[in-house]
Every structure is written in C-alpha cells, then in structure tokens.
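>>> Need coordinates for the below:
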Amino acid sequence: MKVILIVIGIIILTIVVFVIYRVVIIKRQSSKLNAQRFDRIEELYNKLESGHPLVEQDILPYAENLLTRETTFQLLSDHNKTHIFPKEYHTLIRGAESSLANWLEFPTELDACPDNIEHLERVTWDFDGKNNLVHYEVFKYRMNEPHWAAKDGWILGVVGPYFDDSKPYDIPQATFSRTSSKLDEVTPYEEAKWVHENISMQR
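Numbers count the residues shown, from 1 in each chain. Here you go, the predicted model:
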C-alpha cells in the first residue's frame, strides 16, 4: 500500500512540475513574441508619438503585412489618423485575416504566421430566431516545410462573430482554428458552427 501511495505521489508531482514548466515556457515565449510585435511597428509608433507628418504611402507597408495590419490600424485610431490607413485594407475581411494570422502566431497555436492564407466565405445564420444575424469569416491557410503543419495542407480558420453593424478592425471575440480541421474533411459552415458553439458561446 505504501509503495502504491509513493508511486501515485510521484505521478502527481510529475504532472504538477510539467504544468508549471509549460506555464513558465509559454509565458516566456509570449513575452518574446510581444517584444517582436512591438519591434515591427516601433518606427511607426515613434513617428506618431512625435507628431511626425505621415501620409498613406507611409502606412502601406504596415497595412500589407498580415502581422502589423491590425496593430497599425489600432495605432492610427489612437492618434485619430485612420483616414491615412490604405482603403484597400480597410475592410472587415482584411481585418479578420490579420486577426487570424496574429492568433496563429502565438506559441500555443502554430507558433508562426501562415505562408498562405485565403478567404473562403462568410457563414451567416439567425442567432436567436429573431432575424438577428451573426457572421463568421472563414479562411483557409497552409504552412510550408519544415513547419510541422505543412503535411496537413489547407487548414480552416474562423474569425468572428461579426454583426450587420460591425466595422473593419472591430475586435472579434472568437478567432480560432482547430489545426485538425482540414479543408478536404470539414466544410466552412461546419467549422464556423463549431467555433460559434464551442468558443463564442462559451465566453
């Protein structure tokens, strides 16, 4: 009996140590990622803070980049300068695309930005049976070798919920991707419904 208790204690201790290790590692990785994200927009941030005059061409490289697009719009909004954000990127789909890329870059997800990403369709349904519509933007993305997800081909990612009055760069509450949801195995509607029921409705 004593030996069994010792074995159980060792197992529990091992699990606790592993969980603590994972939390510490993820925290360090997240801090590193946040520093990298600031580095990407630091020059723009400094110009905005100093009142340096900017035009749309100055913003274009940041808007083109999936990983800086969303943050750039937020920075401009904080400085009342969204009028110089490039119009071709001032759409809900472009904002959703950037949101998904930033989410996938987290170390607990892909730990990388997708090498390819494409919008597939908007999935819409009546939220409560009273003609209150909810929308989810569904994308497909893939990774190149040597990333571990390269073997999976096109994977689905969902961003939302959005509503009829949602604006570009409104913060979506349920950006999510099950990396097991391959395009040839799950439909965009099925994936959006799963995210709605298991992510959005649980928050």
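>>> Show me the residue sitting in the middle of the chain in space.
Residue closest to the average C-alpha location in the chain (C-alpha atoms, centre = their mean): Trp103, at 2.4 Å.
>>> Contacts only, for that residue.
For Trp103, the contact set (C-beta atoms under 8 Å, 6 or more residues apart in numbering) comprises 109, 175-177. No exception for glycine: its C-beta is placed from N, CA and C like everyone else's.
>>> how near is Ile199 to Lys193?
Ile199 sits 11 Å away from Lys193 when distances are taken as C-beta to C-beta, to the nearest Å.
>>> sorry, that was for Glu137
Relative to Lys193, Glu137 is positioned 14 Å away (criterion: C-beta to C-beta).
>>> These two: which has the busier surroundings?
Here Glu137 and Lys193 are compared on neighbour count by other C-beta atoms under 10 Å; more neighbours surround Glu137, at 26 against 15.
>>> returning to what we had before: now the contacts of Trp103 in JSON lines, please, with extra columns for pLDDT.
JSON lines is the format used below for the contacts of Trp103 (pLDDT from 0 to 100):
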{"residue": "Glu109", "pLDDT": "87"}
{"residue": "Thr175", "pLDDT": "93"}
{"residue": "Phe176", "pLDDT": "93"}
{"residue": "Ser177", "pLDDT": "93"}
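>>> so which of those residues is the most crowded?
Most neighbours among those, by other C-beta under 10 Å: Phe176, with 25 neighbours.
>>> Am I right that that residue is in contact with Gly157?
Yes. Applying C-beta atoms under 8 Å as the test, Phe176 and Gly157 come out as touching, 7.3 Å apart.
>>> and Tyr141, what are its bridge partners?
Ile117, Ile155 (DSSP bridges).
>>> Surely it and Asn116 touch.
Yes. Using C-beta under 8 Å, Tyr141 makes contact with Asn116 at a distance of 6.3 Å.
>>> The two - which one has more neighbours?
It is Tyr141, of Tyr141 and Asn116, that has more neighbours when counted by other C-beta under 10 Å, with 23 against 10.
>>> tell me the contacts of that one?
100, 104, 114, 116-118, 154-155, 157, 177.
>>> how about JSON lines for the residues you listed, with distance to Thr72 added?
Rendered in JSON lines, the data for those read as follows (distance: C-beta to C-beta, whole Å):
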{"residue": "Leu100", "distance to Thr72": "16"}
{"residue": "Leu104", "distance to Thr72": "18"}
{"residue": "Pro114", "distance to Thr72": "19"}
{"residue": "Asn116", "distance to Thr72": "22"}
{"residue": "Ile117", "distance to Thr72": "18"}
{"residue": "Glu118", "distance to Thr72": "22"}
{"residue": "Trp154", "distance to Thr72": "27"}
{"residue": "Ile155", "distance to Thr72": "26"}
{"residue": "Gly157", "distance to Thr72": "21"}
{"residue": "Ser177", "distance to Thr72": "23"}
